[in-house]
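Q: heads up, no residue letters with this:
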Ligand code: AMP
Ligand code: ZN
């Protein structure tokens, strides 16, 4: 298995773990957006979130919640961003499902991506297409 995160989970490559149980692990991102940036991931090799078996969804979310609480208990943490990238088009670099849990501080200067308003009638049309695709 050549997956970097599988190697970390198997302890072939070291990482700064903050949590681990039967199904889920969490360790520090090596190149944090902010110090304390944690990656939470299932202990099964699945590349994208929509392919992750439902039995992992709740355990992963529970560890995200635990991590958030631990970060919010730290000094200088006023907020948290959760990020999750799927496919290279969306910025995914490591093809093993993982959530970014990023501590934020008021006025820390981190900018969100910009939004663009819909044109007349565009939102309803797009919503209809998505609605049809949701099973
Ligand atoms: P993504 O772009 O969502 O696939 O994010 C991959 C993340 O993995 C990036 O934020 C990297 O900084 C992080 N990363 C890469 N290599 C390591 C490593 N050896 N240990 C911990 N985090 C890593
Ligand atoms: Zn993997």
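A: That came through, no problem. Quantities reported herein were computed from a predicted structural model and do not represent experimental measurements. Ligands and ions are numbered 1, 2, ... in the order given.
Q: and the residue most central in space within the chain, what are its phi and psi?
A: By C-alpha atoms, centre = their mean, the chain has its centre lying nearest to residue 99, at 1.6 Å. Torsion angles at residue 99 (phi, psi; degrees, to the nearest 10) stand at phi -110, psi 140.
Q: ok, now residue 61?
A: Dihedral angles (degrees, to the nearest 10) for residue 61: phi -60, psi -40.
Q: What separation do you get for it and residue 24?
A: Using C-beta to C-beta, to the nearest Å, residue 61 is found at 9 Å from residue 24. All C-beta atoms are positioned from the backbone trio N, CA, C, and that covers glycine.
Q: Look at those two and report which has more neighbours.
A: Taking other C-beta atoms under 10 Å, residue 61 and residue 24 do not tie; residue 24 has more neighbours (21 against 14).
Q: what pLDDT does the more buried one get?
A: With respect to pLDDT, residue 24 scores 98.
Q: Could you do the one 10 residues further on as well?
A: With respect to pLDDT, residue 34 scores 95.
Q: Wait, it touches residue 105, no?
A: Yes. Between residue 34 and residue 105 there is a contact at 7.5 Å, judged by C-beta atoms under 8 Å.
Q: who's more crowded, these two?
A: For residue 34 versus residue 105, the count of surrounding residues by other C-beta under 10 Å is larger for residue 34: 16 against 13.
Q: so how far is residue 19 from the more buried one?
A: 18 Å.
Q: Check residue 124 too.
A: Taking C-beta to C-beta, one finds residue 124 at 43 Å from residue 19.
Q: quick one, which of these two is more surrounded?
A: residue 19 (14 against 9).
Q: need the residues of this protein near ligand 1, please.
A: 4, 15, 29, 30, 31, 39, 85, 91, 92, 93, 94 (C-beta under 6 Å from any ligand atom).
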